[in-house]
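Peer 1: model the following, please.
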Amino acid sequence: MARRLPRLSVPFKLVVDRMTVGALVAASLMLLVIGKADLKLIDALATSAGDLASPALRLVSAPVEAVRDVARTVGQTMALAEENARLRGQVDQLLGWQAEATRLAVENRELRIAAAMPVEAPAMRVATAAIVGDSAGSFVQTRLIDAGSGHGVAVGHAVVDEAGLVGRVVAVGRRSARVLLITDPAAKIPVMVEGSGDRALMEGDGGRRLRLRFLPRDPRFQLGDRVVTSGEGGLIPPGIAVGVISRVGAAGVEVAAYVDWGRLDYVQVLRAEPVEAPEADGADLAVMDASSVAGSVETIAATGTVLP
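Peer 2: Here you go, the predicted structure:
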């Protein structure tokens with residue numbers, strides 16, 4: 001019996017080992033199943049908790065959102081009040097300018113009547129048009145508008161917006177026209193500096209800067225003086241605002257335009273009534289030349305000097 005016990009213990013150990021391995025495998029499978037069930041259970045519990053907490057969170061956040069809306073409304077109200085005050089100041093300033101412009105217009109008309117001068121006719125508005133196209137080339141500053149000869153637009157007409165002079169019409173079609181901007185080097189505009197009365201020829205540099213050429217030798221203008229059209233040549237009406245003198249240096253006198261080129265959407269086309277020159281025949285010219293010569297002779301005889 002003592003010799004058979006070791007032989008019987010080997011199969012017993014094998015059985016025990018197999019049972020142990022089976023038990024471990026079963027335990028592992030159970031743990032996996034329990035783990036997956038726990039995850040699903042946790043997800044279900046989290047979802048249920050979120051559903052239950054959502055009304056409570058909504059109740060808690062409602063006062064916060066209400067306070068935020070009230071603060072936003074108060075801020076907007078304060079901003080609107082400030083904007084309203086600023087606009088009222090601008091309106092008062094514009095009303096003052098309007099009254100001053102009306103007074104100056106009446107005074108100008110009375111002075112013209114007193115001096116027996118003809119009353120200057122205002123420029124006529126031909127059409128209002130929209131900008132529908134940009135420059136035709138890299139070195140040309142032009143805009144295309146949707147009004148042409150069918151609307152009364154012709155070459156040479158001035159083009160303005162609410163701020164001031166934009167340019168002049170250089171080409172006209174039936175339903176469109178091309179406008180040469182004042183910033184183009186080919187745009188030569190006769191202008192005058194208000195206050196000093198200095199006259200010059202304004203031209204662009206192909207960018208956004210304007211320069212004054214052919215100024216008098218002793219100009220009297222200052223920085224910030226307004227520049228308007230002089231009306232010389234009869235094409236562009238006088239008195240159209242152009243800009244202000246912004247810089248005086250070695251490059252010349254620069255003018256900052258009133259027009260905002262980045263927001264140029266709509267323009268107006270103006271027509272000026274040119275002043276016709278009087279007609280004179282050959283006999284009148286001969287009489288004028290004879291009287292001029294007679295006056296020069298009398299001056300030479302009286303003073304003993306030779307006129308230049």
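Peer 1: pLDDT below threshold where in this structure?
Peer 2: The model of the chain has pLDDT under 70 over residues 1-13, 15-17, 31, 33-46, 48-54, 56-57, 60, 118-123, 136-139, 273-308.
Peer 1: which residue is nearest the centroid of it?
Peer 2: Central residue of the chain (Cα atoms, centre = their mean): residue 263, 3.1 Å from the mean position.
Peer 1: what are the ranges of the helices in the stretch 1-150 of the chain?
Peer 2: 4-114 (DSSP state H, counting those that start in this stretch).
Peer 1: can you give me the strands in the stretch 101-250 of the chain?
Peer 2: 124-133, 142-145, 158-160, 165-172, 177-181, 189-193, 199-204, 210-213, 226-229, 241-249 (DSSP state E, counting those that start in this stretch).
Peer 1: need these in JSON lines (columns: distance to residue 24 and mean neighbour count).
Peer 2: Quick note: C-beta positions are derived from backbone N, CA and C, even for glycine. As requested, the strands of the stretch 101-250 of the chain are exported to JSON lines (distance: least, Cβ to Cβ, whole Å; neighbours: other Cβ atoms under 10 Å):
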{"stretch": "strand 124-133", "distance to residue 24": "85", "mean neighbour count": "15"}
{"stretch": "strand 142-145", "distance to residue 24": "88", "mean neighbour count": "21"}
{"stretch": "strand 158-160", "distance to residue 24": "95", "mean neighbour count": "24"}
{"stretch": "strand 165-172", "distance to residue 24": "92", "mean neighbour count": "22"}
{"stretch": "strand 177-181", "distance to residue 24": "90", "mean neighbour count": "23"}
{"stretch": "strand 189-193", "distance to residue 24": "100", "mean neighbour count": "23"}
{"stretch": "strand 199-204", "distance to residue 24": "93", "mean neighbour count": "20"}
{"stretch": "strand 210-213", "distance to residue 24": "94", "mean neighbour count": "19"}
{"stretch": "strand 226-229", "distance to residue 24": "99", "mean neighbour count": "22"}
{"stretch": "strand 241-249", "distance to residue 24": "92", "mean neighbour count": "17"}
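Peer 1: a markdown table for these, including distance to residue 117?
Peer 2: Shown next, in a markdown table, are these (distance: least, Cβ to Cβ, whole Å):
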| stretch | distance to residue 117 |
| --- | --- |
| strand 124-133 | 21 |
| strand 142-145 | 35 |
| strand 158-160 | 23 |
| strand 165-172 | 25 |
| strand 177-181 | 33 |
| strand 189-193 | 18 |
| strand 199-204 | 19 |
| strand 210-213 | 28 |
| strand 226-229 | 19 |
| strand 241-249 | 24 |
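Peer 1: which one, of these, ends up nearest to residue 270?
Peer 2: Ranking the strands of the stretch 101-250 of the chain by proximity to residue 270 (Cβ to Cβ) places strand 158-160 first, at 4.5 Å.
Peer 1: what separates the closest one from the chain centre, distance-wise?
Peer 2: From the chain centre to the centre of strand 158-160 is a distance of 17 Å (Cα atoms, centre = their mean, to the nearest Å).
Peer 1: and for stretch 232-239?
Peer 2: Using Cα atoms, centre = their mean, the offset of stretch 232-239 from its chain centre is 26 Å.
Peer 1: got the end-to-end distance for that stretch?
Peer 2: Stretch 232-239 has an end-to-end distance of 11 Å (criterion: Cα to Cα, to the nearest Å).
Peer 1: list the buried ones in that stretch?
Peer 2: 235, 236, 237, 238 (16 or more other Cβ atoms under 10 Å).
Peer 1: what do you get for stretch 107-116?
Peer 2: Buried residues in stretch 107-116 (16+ other Cβ under 10 Å): none.
Peer 1: list phi and psi for the residue nearest to the centre of the chain.
Peer 2: Backbone torsions of residue 263, given as degrees, to the nearest 10, read phi -120, psi 30.
Peer 1: so how far is residue 114 from residue 218?
Peer 2: 31 Å (Cβ to Cβ, to the nearest Å).
Peer 1: and if you look at residue 220?
Peer 2: 27 Å.
Peer 1: now residue 14
Peer 2: Distance from residue 14 to residue 114, by Cβ to Cβ: 138 Å.
Peer 1: now do residue 238
Peer 2: In terms of Cβ to Cβ, residue 238 sits 21 Å off from residue 114.
Peer 1: can you check residue 149 too?
Peer 2: 42 Å.
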